[in-house]
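Participant: quick one: sequence plus predicted model below, questions after.
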Amino acid sequence: MNGQWSLDALYLGFDDPKYLADREKLTALCAELNAFVPQMNSMSPTEALHKALTLQEEISVTSSLLGGYAHLRSATNARDSEAVSHSGQLQAISGSIAGAKAAIEAYIASVEDLESIIASDPLLEEYRFRLESIKNDSKYLLSAREEEIMARMDISGGSAWSQQQGQLTSNVVVDYKGGKTNLSAIRNMAYEADPEVRKSAYEAELACYPKVSDAVAFSLNSIKLQVINACQLRGYESPLDQTLKQARMKRETLDALMDAMNDYLPKFWEYLKVKAKALGHKNGLPWYDLFAPMGSNSKRYTIEDARDYLLNVFSSFDSQLHDMVAQAFAENWIDFYPKDGKRGGAFCSGVQALRQSRILTNFDGSFSDVLTLAHELGHAYHNVQIYDQRPLNKSYSMPVAETASNFNECIVNGYAYKHAASDDERLALVESQLSDTTQIICDIMSRYLFETKVFENRSSQFMGSDELCQIMLQAQKTAYGDGLDHNVLHPYMWVCKSHYYSTGRSFYNYPYAFGGLFARGLYAQYEEEGAAFVPKYKKLLNATTVNSVEDTAKIAGIDLTDKAFWAKGLESYAQLVEEFVKLVNL
């Protein structure tokens, strides 16, 4: 096991005859769709919709293979200019049908008796949620020509600015103790046991950002202004309004979630202050010690160790999950180690046409890295549950996207705590869990506040890197309260987080809190119901692509607009804080 993923199941290179044939096929399919659209009005609605969906299915499958390959190539090597070039070319091909897709959606919106048309055709019935959503969203659709123009301009606009942020942060050189390293590697040092390493790595990280922060600030300002302008043109109240509608999520659900989080923020501040005191800090926890390990869980894992551990843990939950994890390791789905040019963090990318996934991590051998693997494998498991959905029903919205990943973390944390051999090990596990949860509560709150302020400001002004740093600092002070030392925060968190740099995914922050707390509630049901819960859980995951967020939750009997549901999950973490306090004082 060499630690690198294999993309051979996709293509052997950009000169692979299979790649060239698929690219030619995609070009032909896009031309066919463009030629088909003018014919729709001469067909019956059933025939027209059936043909439109069939063509779009073929385009979706082919473009996902081609685009996925280019994306995965560049994710592990930002200097792969060939991959970047092909990504742009593929975007141009796909962008050529933006007008046709808009015309199809306008046609769908114009069908008067859509209900009976859907009921008349089995294929249309499978796409009921999609078709009804398009009809409901038609008021936000521009003309076919305008949609095409916007799609084409995005290639050299928002998408290009996003690529700039990724390229700059992947390649920035970090000076550390007389040597050179990269941003992913230096950020991983935040988990080191040696306090001097954590502090010096934090200082080196902050020192590298001014090299790129001005350029990245242009990326952020440009992307956010593009989003604001697009929302105004389409008729959305705001970028947040657009995000919620795209997520098929009610504002009442978001309000219930955020209100519950606000109520419980002081409990997480208590945890941070107790941790700070235990580590010898008087004014709250300095940023560089946020992930400082406590207790005795200092074991290091090879990737083989991580595989064996996860297989053992997941075997008691579901054989399908166990077998998928085994397949992921055996068939090289995972790219493990940090390296120059590789993007930071971790992600899972579904390759649905092959019934596979690819996972990127920056594995360094800690238990936290094992949890990250479990998290990303949860996304892959979610992908497995939607294998049987139609090609255009393969996408789940942002909030539910983090459900299976966080559920996997609950499984691993529950197993690890149950099998802990000592109070020191239990302390390590509880602290690690609280550290991660503080990220999806306090840090996500800070990111939500930051992005909200950036959107408010960008309508009328450009924000330079210094101003963006000040906005980030204020967001962190509000979200972390007196749990952190306000003199040692992280003003450049806006530079390194790719979530801000997308024209299609604004506010990609609250879904992490949603996913963590939603998964916590589902895991509580699993603990009560045992094996009988698993089929219901799979059904819920399968439904995420063809239901609203609220209707998906109803499968498990959950009302997401009820603040009490979110408070219940947060209360379980409050109890974990109490356990942490006891263990620290032993």
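Facilitator: Nice, I can see it. The shown structure was predicted, so the numbers you read here are calculated from the model rather than taken from an experiment.
Participant: check contacts around residue 411.
Facilitator: Residues near residue 411 by Cβ atoms under 8 Å, 6 or more residues apart in numbering: 313, 314, 317, 374, 523. Any C-beta I mention is one placed from the backbone N, CA and C, and that applies to glycine too.
Participant: could you list which of those residues belong to helices?
Facilitator: Among those, the subset assigned to helices under DSSP state H consists of 313, 314, 374, 523.
Participant: relative to residue 415, which of the residues you listed is nearest.
Facilitator: Using Cβ to Cβ, residue 313 is the member of these that lies nearest residue 415, at 4.7 Å.
Participant: helix or strand: which one has residue 349?
Facilitator: Element membership for residue 349, per DSSP states H and E: strand 347-351.
Participant: now the angle from the helix or strand that that strand is followed by to strand 347-351?
Facilitator: Per DSSP H and E, the first helix or strand lying C-terminal to strand 347-351 is strand 356-360. Orientation check (axes from the mean of the first three to the mean of the last three Cα atoms, to 10 degrees): strand 356-360 against strand 347-351 gives 160 degrees.
Participant: make residue 1 into 11 and carry on from there
Facilitator: New numbering, starting at 11: the last item is strand 366-370.
Participant: buried residues of strand 366-370, list them for me.
Facilitator: Within strand 366-370, the residues scored as buried using 16 or more other Cβ atoms under 10 Å are 366, 367, 368, 369, 370.
Participant: just how off-centre is the strand holding residue 359 within its chain?
Facilitator: Its chain's C-alpha centre and that of strand 357-361 lie 10 Å apart, by Cα atoms, centre = their mean, to the nearest Å.
Participant: before we move on, back to that, including pLDDT, could the buried residues of strand 366-370 go into CSV?
Facilitator: Formatted as CSV, the buried residues of strand 366-370 follow (pLDDT from 0 to 100):
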residue, pLDDT
366, 97
367, 97
368, 97
369, 97
370, 96
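Participant: test my guess that residue 249 contacts residue 466.
Facilitator: No - using Cβ atoms under 8 Å as the test, residue 249 is too far from residue 466 to be in contact (10.2 Å).
Participant: now do the helices in the stretch 161-310 of the chain.
Facilitator: Remark: helices assigned in the stretch 161-310 of the chain by DSSP state H, counting those that start in this stretch are 168-181, 193-198, 205-218, 223-244, 249-256, 261-288.
Participant: what's the closest of the ones you listed to residue 147?
Facilitator: Checking those against residue 147 by Cβ to Cβ gives helix 249-256 as the closest, at 6.9 Å.
Participant: average pLDDT for the closest one?
Facilitator: For helix 249-256, mean pLDDT is 95.
Participant: got the angle between that helix and helix 261-288?
Facilitator: If you take the same axes, to 10 degrees, helix 249-256 sits at 110 degrees to helix 261-288.
Participant: how about helix 249-256: buried residues?
Facilitator: 249, 250, 252, 253, 254, 255, 256.
Participant: and stretch 335-349, by the same measure?
Facilitator: Under the neighbour-count criterion of 16+ other Cβ under 10 Å, stretch 335-349 has 335, 338, 339, 342, 343, 344, 345, 346, 347, 348 buried.
Participant: among those residues, which are in helices?
Facilitator: 335, 338, 339.
Participant: neighbours of the closest residue to residue 236 other than its chain neighbours, how many?
Facilitator: Distances taken as Cβ to Cβ, 6 or more residues apart in numbering place residue 168 nearest to residue 236, at 4.8 Å, with adjacent residues excluded. Close neighbours of residue 168, defined as other Cβ atoms under 10 Å, add up to 23.
Participant: so who does residue 168 touch?
Facilitator: Residues near residue 168 by Cβ under 8 Å, 6+ apart: 232, 233, 236, 237, 512, 513.
Participant: closest to residue 267 among these?
Facilitator: The nearest member of the contacts of residue 168 to residue 267, counting by Cβ to Cβ, is residue 512 at 21.3 Å.
Participant: show the model's pLDDT score for that closest one.
Facilitator: Per-residue pLDDT puts residue 512 at 94.
Participant: wait, a strand at it?
Facilitator: No - using DSSP: H, G, I helix; E, B strand; the rest coil, the assignment for residue 512 is coil, not a strand.
Participant: which residue packs closest to it, ignoring adjacent ones?
Facilitator: Leaving aside its chain neighbours, residue 512 sits nearest to residue 172 (6.0 Å; criterion: Cβ to Cβ, 6+ apart).
Participant: pretty sure the one you found sits against residue 511.
Facilitator: Yes - here residue 172 reaches residue 511: they are 4.4 Å apart, a contact under Cβ under 8 Å.
Participant: shared neighbours of those two, anything?
Facilitator: The contact sets of residue 172 and residue 511 overlap at 229, 233 (Cβ under 8 Å, 6+ apart).
Participant: which element is the closest residue to residue 145 other than its chain neighbours on?
Facilitator: Nearest non-adjacent residue to residue 145, counting by Cβ to Cβ, 6+ apart: residue 119, 5.1 Å away. Using DSSP H and E, residue 119 maps to helix 108-120.
Participant: what residues does that helix touch?
Facilitator: For helix 108-120, the surrounding residues in contact (Cβ under 8 Å, 6+ apart) are 43-44, 46-47, 50-51, 58-59, 62, 66, 124, 141, 144-145, 147-148, 151-158, 160-162.
Participant: buried ones from those residues, can you make that a ChimeraX selection?
Facilitator: The following ChimeraX line selects those of the contacts of helix 108-120 that are buried, judged by 16+ other Cβ under 10 Å:
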select :43,44,46,47,50,58,59,62,66,124,141,144,151,152,154,157,158,160,161,162
